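Asker: Structural data only, the sequence is not supplied:
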């Protein structure tokens, strides 16, 4: 039982910070622990701001429970029509937005909070959205990335575990704990009726012995006798904990299945395609401006490329022409957040309304997008050749957006497959996961430093994320922290590269499988399993060898004494040309010296 004075102090502090204290008495008791978990958004994901909102069903609002970093800009509540809540209802997995233009529905929310980036974690209980974790602006102005989604889901899962223990939101519909729950006081102040006793699992209160059956066995004189093996110890506490873990993780997995897919939207990769094609359109004879407009449920965005600075009157004229065209089609759009690019500089002078002599608009039909339009303005009527080139560029725009969205879909699928390979739904390997994510993050940063293509960077990152998954099938939990590993056990552990490659290849492709298979090869040809050398080793594996070694040597959470950064870099320098690619080892030293 929590002392009344403690609860009263908690409520006074909550009222001081503007938090709701009436919605759930149990939540008020959990608030310090929820605050502690919320701070993991800063530790694990490096978010500079985070807020937790929970549903108050009596007023049908999501009320602020706790936050950090927002100061006076934090919202106290959000309704079901709020764009963030709406997005969370249509997709139950964490998602991020890395610019105001990336999702027009959330642009006002980012602008009002004086933030540029958002990562949200929906919290579901028995099929209903009951809360949202709202994170903003990663440290050092870095974008949120795919690995952050897994960490964010883990934070959300820990919060839901607290709610399960207290039966908040009727979360615990299967009771496994043998600790009696304390009845929460009713809102009227009267004592709540005692809950009906919940049947506990029919396990014995202490570990018990199960006697195996008698088994036949040959004796030295070729006679057969019946022998009973040693009794098997059954620990009900361990069974209960395992069942509880399976149920919790199954709930999270099931929530992702029944939600309709989120409608496609224009993201940063698609914006890059749009800007490139709009720039090409300005090479058409007499073209002065080209724009792509996208409408949304809570706003709209417009990307414009112009030969010179767009005068305000010219922007109004372009918007008016677009609105007239939409009206004829029975469509409309509200105010749009407009971004104007001048790829050729402003030296040509401003674009005025008089120069918008002919304006053409056409729908952009691609990738399931709706409400996207291309508008091109000419200073003189274009001839037939210009019309044909304009049609070709529209087709190029549509194909480019569709290819970009397909690449994004494939990337997301590969990321999800990698996460499942690393940690299946009903199994947990926290040490393996933490190490793999740390290595993957450093590999991705190093690959960017080397100037690799986006496709190669993704191969390096995914290879690093799954490089040790073969360990899961090779007694990883027993051997990971064992100091006196025998020769046979070491030989078994070395097979993790072949096991991992076999697991990866059907799902993530041969490039990533080759990296997994080769990440213990050495530059001098003395590695395993195939004694490859130099450039025979895939570059993803050579990068991984450096980053994996550095993380293993300096990680303070491993079973061995961590080394200093200087000692680790000295060891890598000594291994250049032997264990490591000498050129990459030199670049890695530059990368680390740059403070990466």
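Answerer: Thanks, I have the structure now. Just so it is clear, the structure is predicted and the values come from calculations on it, not from any experiment.
Asker: is it fair to say residue 376 lies in a strand?
Answerer: Yes: under DSSP: H, G, I helix; E, B strand; the rest coil, residue 376 sits within a strand.
Asker: what number of residues lie near it?
Answerer: Burial of residue 376 is recorded as 24 neighbouring residues (other Cβ atoms under 10 Å). (C-beta placed from N, C-alpha, C; glycine too.)
Asker: what do you get for the one 5 residues further on?
Answerer: Using other Cβ under 10 Å, residue 381 is surrounded by 10 other residues.
Asker: what are the phi and psi angles of the residue lying closest to it once chain neighbours are set aside?
Answerer: Excluding the flanking residues, the one nearest residue 381 by Cβ to Cβ, 6 or more residues apart in numbering is residue 358, at 5.1 Å. Per-residue torsions, residue 358: phi -130, psi 130 (degrees, to the nearest 10).
Asker: beta partners of residue 358?
Answerer: residue 378 (DSSP bridges).
Asker: show me what contacts it?
Answerer: Shown in contact with residue 358 (Cβ atoms under 8 Å, 6 or more residues apart in numbering): 377-378, 380-382.
Asker: Going by neighbour count, list what's buried in stretch 36-56.
Answerer: For stretch 36-56, burial by neighbour count (16 or more other Cβ atoms under 10 Å) applies to 37-42, 44-56.
Asker: after the longest helix along the chain comes which helix or strand?
Answerer: Determined from DSSP state H, the single longest helix within the chain is helix 384-422. The helix or strand immediately downstream of helix 384-422 is helix 430-449, counting by DSSP states H and E.
Asker: rewinding a little: quick one, grab the pLDDT at the residue nearest to residue 381.
Answerer: Here, the pLDDT recorded for residue 358 equals 91.
Asker: what's the closest of the contacts of residue 358 to residue 327?
Answerer: residue 377 (18.3 Å; Cβ to Cβ).
Asker: contacting residues for the closest one?
Answerer: 287-290, 318, 321, 355-360.
Asker: If we use 6 Å, what do you get?
Answerer: The contact partners of residue 377, taken as Cβ atoms under 6 Å, 6 or more residues apart in numbering, are 288-289, 356, 359.
Asker: Look at residue 293 and give its secondary structure.
Answerer: strand.
Asker: ok, now which ones touch it?
Answerer: 302, 373.
Asker: Just list whatever residues bridge to it.
Answerer: Assessed by DSSP bridges, residue 293 has beta-bridge partners residue 302, residue 373.
Asker: Use 46 as the first number for this chain going forward.
Answerer: Fine by me, first position is 46 from now on; the one you just mentioned is residue 338.
Asker: one step back: show me which pair in the contacts of residue 403 is furthest apart.
Answerer: Between any two of the contacts of residue 403 (Cβ to Cβ), the greatest distance is 11.7 Å, for 422 and 426.
Asker: tally of neighbours for residue 337?
Answerer: 24.
Asker: Hmm, I typed the wrong one, I wanted residue 102.
Answerer: With other Cβ under 10 Å as criterion, residue 102 counts 11.
Asker: got any ranges where the stretch 496-641 of the chain has weak pLDDT?
Answerer: Low-confidence segments of the stretch 496-641 of the chain (pLDDT under 70): 519-530, 602-605, 641.
Asker: Strands of that one, start to end?
Answerer: Using DSSP state E, counting those that start in this stretch, the stretch 496-641 of the chain contains no strands.
Asker: Residue 389 falls within a helix, correct?
Answerer: No: per three-state DSSP, residue 389 lies outside any helix segment and is coil.
Asker: For it, give me phi and psi.
Answerer: Torsion angles, degrees, to the nearest 10, at residue 389: phi -100, psi 10.
Asker: Which residue is the nearest non-sequential neighbour of it?
Answerer: residue 352 (6.2 Å).
Asker: Neighbours of that neighbour, how many?
Answerer: Neighbour number of residue 352 under other Cβ under 10 Å is 23.
Asker: Touching, it and residue 390? I think so.
Answerer: No: counting by Cβ atoms under 6 Å, residue 352 does not reach residue 390; the two are 9.4 Å apart.
Asker: in the host helix or strand of residue 73, what's buried?
Answerer: Per DSSP H and E: residue 73 is located in helix 70-83. Buried residues in helix 70-83, counted by 16+ other Cβ under 10 Å: 70-76, 79, 82-83.
Asker: Can you spell out which helices and strands pack onto it?
Answerer: Secondary-structure packing of helix 70-83 (3 or more Cβ pairs under 6 Å, 6 or more residues apart in numbering; DSSP states H and E): strand 106-113, helix 191-211.
Asker: what's the angle between that helix and strand 106-113?
Answerer: Here helix 70-83 runs at an angle of 40 degrees relative to strand 106-113 (axes from the mean of the first three to the mean of the last three Cα atoms, to 10 degrees).
Asker: So for helix 70-83, mean pLDDT?
Answerer: Mean predicted confidence for helix 70-83 is 81.
Asker: roughly how far is it from the heart of the chain?
Answerer: Centroid separation between helix 70-83 and its chain, computed with Cα atoms, centre = their mean, to the nearest Å, is 24 Å.
Asker: quick one: pLDDT of residue 330?
Answerer: Residue 330 carries a pLDDT score of 91 in this model.
Asker: repeat for residue 428
Answerer: The predicted local confidence for residue 428 is 89.
Asker: which non-adjacent residue is nearest the residue nearest the centre of the chain?
Answerer: Taking Cα atoms, centre = their mean as the criterion, residue 194 is the residue nearest the geometric centre of the chain, at 1.9 Å. Leaving aside its chain neighbours, residue 194 sits nearest to residue 139 (4.6 Å; criterion: Cβ to Cβ, 6+ apart).
Asker: Phi first, then psi, for the one you found.
Answerer: phi -60, psi 150.
Asker: give me every residue that touches it.
Answerer: 166, 194, 197-198.
Asker: at 7 Å instead, please
Answerer: If you count contacts by Cβ atoms under 7 Å, 6 or more residues apart in numbering, residue 139 has them with 164-166, 194, 197-198.
Asker: Many thanks, I have nothing further to ask.
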